[in-house]
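Engineer: Next one to model:
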Amino acid sequence: MRQYTRWAAWVSLLTLLAGCGDGPWNNPYPARDEGGNILYSSFSERPKHLDPARSYSSNEYEFIGQIYEPPLQYHYLKRPYELLPLTLDRMPKVIFLDAQGNPLPANAPDEQVAFSQYLLELKTGVQYQPHPAFAKDENGQFRYHALTKQQLESVHTLSDFKYTDSRELHASDYVYQIKRLANPANHSPIFGLMADYIVGLKEYGDKINADYEAMKARGEQGYLDLNAYEIEGVQALDRFRYTITVKGKYPQLEYWLAMPFFAPMPVEADLFYSQPGMEEKNISLDWYPVGTGAYMLTVNNPNRQMILERNPNYRGELYPREGMPEDEAAGLLADAGKKMPFIDKIVFSLETETIPYWNKFLQGYYDTSGISSESFDQAVQINTGGEVALTEEMQTKGIQLATAVASSTYYFGFNMKDDVVGGNSKSAQRLRQAISIAMDYEEFISIFANGRGIAAQGPVPPGIFGYKDGEAGINPVVYDWVDGKAQRKSIEHAKQLLAEAGYPDGVDAKTGAPLTLNLDIVASGPDDKARLSWYRKQFQKLNIQLVIRNTMYNRFQEKMSKGTAQIFTWGWNADYPDPENFMFLLYGPNSKADHQGENAANYSNPKFDKLFEKMKNMENGPERQAIIDEMTKIVREDSPWIWGLHPKSYALYHQWYKNSKPNLMSHNTMQYKRIDASVRAQQRLAWNPPVLWPIALVAGLLLVVIIPAVVIYRRREHMAPRKARV
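Structural biologist: Residues are numbered from 1 along each chain as shown. So this is what the prediction gives:
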C-alpha cells in the first residue's frame, strides 16, 4: 500500500507543478516571446484588401500604412496637421501653367491657371523589403516570373519561395502605381475622382480598359501591360524625379500624396502576382504587400494571427524633435532625434468579441484598448463638471487615457428632392429648422455614446481648417449662447417655427391631417430598438409622427441613389484635413440622385455652390475662412442636415506603451511607438498570479478516490489466499 500512497503523492505534486514557469501560467503567447520587443494588438476580421490601389478602409490601413510609403506623411505631433516629406527629399515643387503650357507666376489669378505641375524628387537609397519578386538567378534572370504549374504545386504561402531579394526605390514605381489606379481589374475607389484632375488619366484608363476587355474576350488571364501606354500628366524624368500635372489648381493633391493610393508599386511585384495559379493560392497583393516601409507582413493567418516584423532594409526615419507645447511635459519628446522604428514585431491576434479582448488588456496581454459600452463604466468616470477621468481601478494599474475628437461627422439628412421636407421654400426650411432643434443630440451623445462626442454646429469638424469653437462657432439657428456655453433653443421656439412652416402643433393647416414623416434606415443590432425609440420621441416633441422604414442595406442604397428616401442617417470620415472634403458633401453637382456623388441630401443652393467653387482650391488663410463662414451660414439657414455629432475616440494604454498621441490622419504611426518590455513582464506577473486552489482541489479529489481504492484492493489481495487454503 505504501507504494500506491507514494504514487498518489507524486501525482498530486506533479499536478501542482504543471504549467509552472518563469512567466504567468495564463500567458497566451509563446514562452520564447516573453520579454520581447513586441507590440500586441488585435483584429476582428481579415482585411479584405492590402493592395494600396484598392484599399480604402481603416482596418486595412492599420496594416498597409506600416508597409507602404507614399511620397508624403503627416507630422506625428504637430496640430493642425502638417504635411512632411516621407520618401521625398523635399516637399513637392509646384509650377502653374497657362493653357499653352507656359509657366505662370506663383500669384497668378486662378482663372489663368490651366494646369498645376508637381515636381517630386525622391531620396536615394530607399530599399524595398526582401521579396521573391526581386530574386534573380546567376544569369540575372528573375527566378519566379515564369512559374510552371508543376513549380506552383509545392507553393502554398509566400514563405515557400526559397530566394528573396530587394532593390532601390525608383520614380517609375510611383508612376506605375498611378497607372494601376486605372486598371479595371483593381476597381480602385478613387480612379474616377483622380481622372477628373490628373491630366490624361481618363484617356489612359480608356485605353487600358480596352486592352482588359480584349483579354477577357480571349479568355486570357495574367499580366496586363500597364506600361504599353503613357499618361500625359504623369512622367518619370529620371530614376529619382517624376511629375504629376493636374487641371487648374488642386492643392488637395498633396493630401492625396500622403495616402497609400499613391504609394510606389514595383512592376516586378505585379508581374509576380499576376501569374496563373497565384490568386487561387491567395498569393496576391491583397495577402502579401510589397513595400519600403518600417514593417513587412510575415504572417497572414486570418483565423488566428497577422504579424508585422521590422523590415531589415528600412533606412530608419528619425523621431520628431519638436511638437506642440504640451508634448514635452507628456514625455512625447523623450525619443527626439532617435532612429525608428523602436518595436521589432507587432502581433495582431484575432478577437471577435469585446469582453475577452478587454479582460486580456486588463491582464497586460494587449498593450492598448478602446472602450466598449460594456466596459465603459469600469474604465471611465465623468464628474459633475462633465470632465472625463479614469476610474480608480484603471489608475491603480497605471493605465492612461487618450481622447480626440474624430475628423468625422454623423448626421440626419433631409432629401431635398422630397415634396414635404425638401425644397427651398420658406415653409420647408422652417420645418427642417424646427426638427433640428427638437433632435437633442446632447442627450443622444450621453445615452448612446457614453458622452463620447460633441454636438455638431455645421459640416466642418474640429481639427479641420474652417472650424470655429466657442460662441463664434455655434449654429444660431439651433443654439443660443448662454453663460459661456451653447444652449439648445427651446421646444416652444421649435413649435413656433413648425407653425410658420404650416404645421401648427404637428397638423397640416391645409388638410387637417397629422404630419407624418419617414425615416429610412438600416438597423439590425440589439441596440437599435432603443435608438429608434429615441428618434420617435424627438419628433413626438413636435407632435410629428415618425415612421421607421427599416430595410436591407442594398435596398437602402437603392433608395439613396434614386433619391426616394425622405429622412436618413449618414456619416463621413475625412479623407484629408481640408474643409473641401466636407463642404463637397453639400455641393449641388455632387448630388447622389442626379450625379451619383456624395451629396446624399441632394442639396443645391447656387450661392453655396459658387462659393464652394471659389473656396475649394484656395490656400488656408483669412480669405478662405471668410468664405467658409459664409457657406456655413447658408447651410445652417437652409438646414439640409440635422448636424448631428462629431464622435470622440477614447483609447487606453498601459504605462509601458510610449509615444502614444492620437493622430487621426497618419497611417504609419507604429514606427513611433515604443514598448518597455521589462515593465510589461513585471506587471503581467503581478496581475496574473497562479490560482492554485482548483489544482489543490483536483489533487485532493484524486487522493480521496485513490486511497480508498488502494485500501479495498489490498484487503482483497490479503483475503484471497485464505480462501484458497480452506
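
Engineer: And the helices in the stretch 551-700 of the chain?
Structural biologist: Ranges of helices in the stretch 551-700 of the chain, per DSSP state H, counting those that start in this stretch, are 553-562, 580-583, 592-595, 606-615, 622-638, 677-687, 693-725.

Engineer: Can you spell out which helices and strands pack onto the helix or strand where residue 216 lies?
Structural biologist: Following DSSP states H and E, one finds residue 216 within helix 201-217. Here helix 201-217 touches helix 171-181, helix 191-197, going by 3 or more C-beta pairs under 8 Å, 6 or more residues apart in numbering; DSSP states H and E. C-beta here means a position set from N, CA and C on the backbone, and glycine is covered the same way.

Engineer: mind listing what's buried in that helix?
Structural biologist: Of the residues in helix 201-217, 201, 202, 204, 205, 208, 211, 212 count as buried by neighbour count, 16 or more other C-beta atoms under 10 Å.

Engineer: Out of the helices of the stretch 551-700 of the chain, which is closest to residue 37?
Structural biologist: helix 677-687 (5.7 Å; C-beta to C-beta).

Engineer: From what I see, residue 471 and residue 482 are in contact.
Structural biologist: No - at 10.2 Å, residue 471 does not count as touching residue 482 under the criterion of C-beta atoms under 8 Å.

Engineer: Who has more neighbours out of these two?
Structural biologist: residue 471 (12 against 9; other C-beta atoms under 10 Å).

Engineer: would you say that one is within a helix?
Structural biologist: Yes - under DSSP: H, G, I helix; E, B strand; the rest coil, residue 471 sits within a helix.

Engineer: can you tell me the helix or strand for the nearest residue to it once chain neighbours are set aside?
Structural biologist: For residue 471, ignoring the flanking residues on the chain, the nearest one in space by C-beta to C-beta, 6 or more residues apart in numbering is residue 481 at 4.6 Å. Element membership of residue 481 [criterion: DSSP H and E] is strand 479-482.

Engineer: strand partners of that strand, parallel vs antiparallel please.
Structural biologist: strand 485-488 (antiparallel) (DSSP bridges).

Engineer: ok, the nearest residue to residue 491 once chain neighbours are set aside - how many residues close by?
Structural biologist: Spatial nearest neighbour of residue 491, chain neighbours left out: residue 541 (5.3 Å); criterion: C-beta to C-beta, 6+ apart. Neighbour count for residue 541, taken as other C-beta under 10 Å: 17.

Engineer: Read off the pLDDT value for residue 541.
Structural biologist: If you check residue 541, the pLDDT there is 97.

Engineer: ok, now which ones touch it?
Structural biologist: Residue 541 sits next to 438, 491, 494 when contact means C-beta atoms under 8 Å, 6 or more residues apart in numbering.

Engineer: what sits against the second one?
Structural biologist: Neighbouring residues of residue 491 by C-beta under 8 Å, 6+ apart: 437, 438, 541, 542.

Engineer: Give me the distance between the last one and residue 502.
Structural biologist: Spatial separation of residue 542 from residue 502 under the definition C-beta to C-beta, to the nearest Å is 13 Å.

Engineer: The first one too?
Structural biologist: For residue 437, the distance to residue 502 (C-beta to C-beta) stands at 17 Å.

Engineer: Just want to know which of those two has more residues nearby.
Structural biologist: Ranked by neighbour count (other C-beta under 10 Å), residue 437 and residue 502 place residue 437 first, with 26 against 17.

Engineer: Tell me which helix or strand the more buried one sits in.
Structural biologist: Using DSSP H and E, residue 437 sits within helix 426-438.

Engineer: orientation of that helix relative to helix 622-638 in degrees?
Structural biologist: Computed by axes from the mean of the first three to the mean of the last three C-alpha atoms, to 10 degrees, the angle separating helix 426-438 from helix 622-638 equals 100 degrees.

Engineer: Domain parsing of this protein, as residue ranges.
Structural biologist: 2-20+692-725, 68-283, 408-649 (automatic domain parsing).

Engineer: which strands and helices sit next to the helix holding residue 437?
Structural biologist: Using 3+ C-beta pairs under 8 Å, 6+ apart: helix 426-438 touches helix 491-500, helix 528-540, helix 622-638, strand 641-653.

Engineer: ok, what's across the strand from residue 675?
Structural biologist: residue 657.

Engineer: What residues does it make contact with?
Structural biologist: 37, 38, 39, 342, 343, 367, 656, 657, 658.

Engineer: what's the burial count for residue 304?
Structural biologist: Residue 304, neighbours per other C-beta under 10 Å, totals 9.

Engineer: Which residues does stretch 365-379 contact?
Structural biologist: Stretch 365-379 is contacted from outside by 27-29, 39-42, 354-355, 357-358, 360-361, 380, 390-391, 393-394, 399, 401, 450, 527, 649-654, 656-657, 660, 675, 680, 684, using C-beta under 8 Å, 6+ apart.

Engineer: A strand includes residue 547, no?
Structural biologist: Yes - under three-state DSSP, residue 547 falls within a strand.

Engineer: Give me the pLDDT for residue 7.
Structural biologist: For residue 7, the model assigns a pLDDT of 51.

Engineer: Next: residue 638.
Structural biologist: On the pLDDT scale, residue 638 is placed at 97.

Engineer: That one and residue 430 touch, don't they?
Structural biologist: No - taking C-beta under 8 Å as the definition, residue 638 is not a contact partner of residue 430, at 11.1 Å.

Engineer: so where is the protein shaky, pLDDT-wise?
Structural biologist: Scanning the chain with the threshold set as pLDDT under 70 gives 1-22, 384-386, 524-526, 692-693, 718-726.

Engineer: Return the set of buried residues in stretch 651-665.
Structural biologist: Buried-residue list, stretch 651-665, by 16+ other C-beta under 10 Å: 652, 653, 654, 656, 657, 658, 659, 660, 661, 663, 664, 665.

Engineer: What is the nearest of those to residue 712?
Structural biologist: Distances from residue 712 to the buried residues of stretch 651-665, taken by C-beta to C-beta, are shortest for residue 654, at 55.2 Å.

Engineer: shouldn't that closest one be in contact with residue 360?
Structural biologist: No - using C-beta under 8 Å, residue 654 is not in contact with residue 360, being 11.8 Å away.

Engineer: contacting residues for residue 302?
Structural biologist: 45, 46, 350.

Engineer: residues near the first one, how many?
Structural biologist: Neighbour count for residue 45, taken as other C-beta under 10 Å: 9.

Engineer: Confirm it sits in a strand?
Structural biologist: No - looking at residue 45 with three-state DSSP, it is coil, so not inside a strand.

Engineer: who wins for proximity to residue 167 among the helices and strands packed on helix 426-438?
Structural biologist: strand 641-653 (37.6 Å).

Engineer: Can you give the strand pairings for that closest one, parallel or anti for each?
Structural biologist: Sheet pairing for strand 641-653, assigned by DSSP bridges, gives strand 368-369 (antiparallel), strand 400-405 (antiparallel), strand 408-414 (antiparallel), strand 453-455 (antiparallel).
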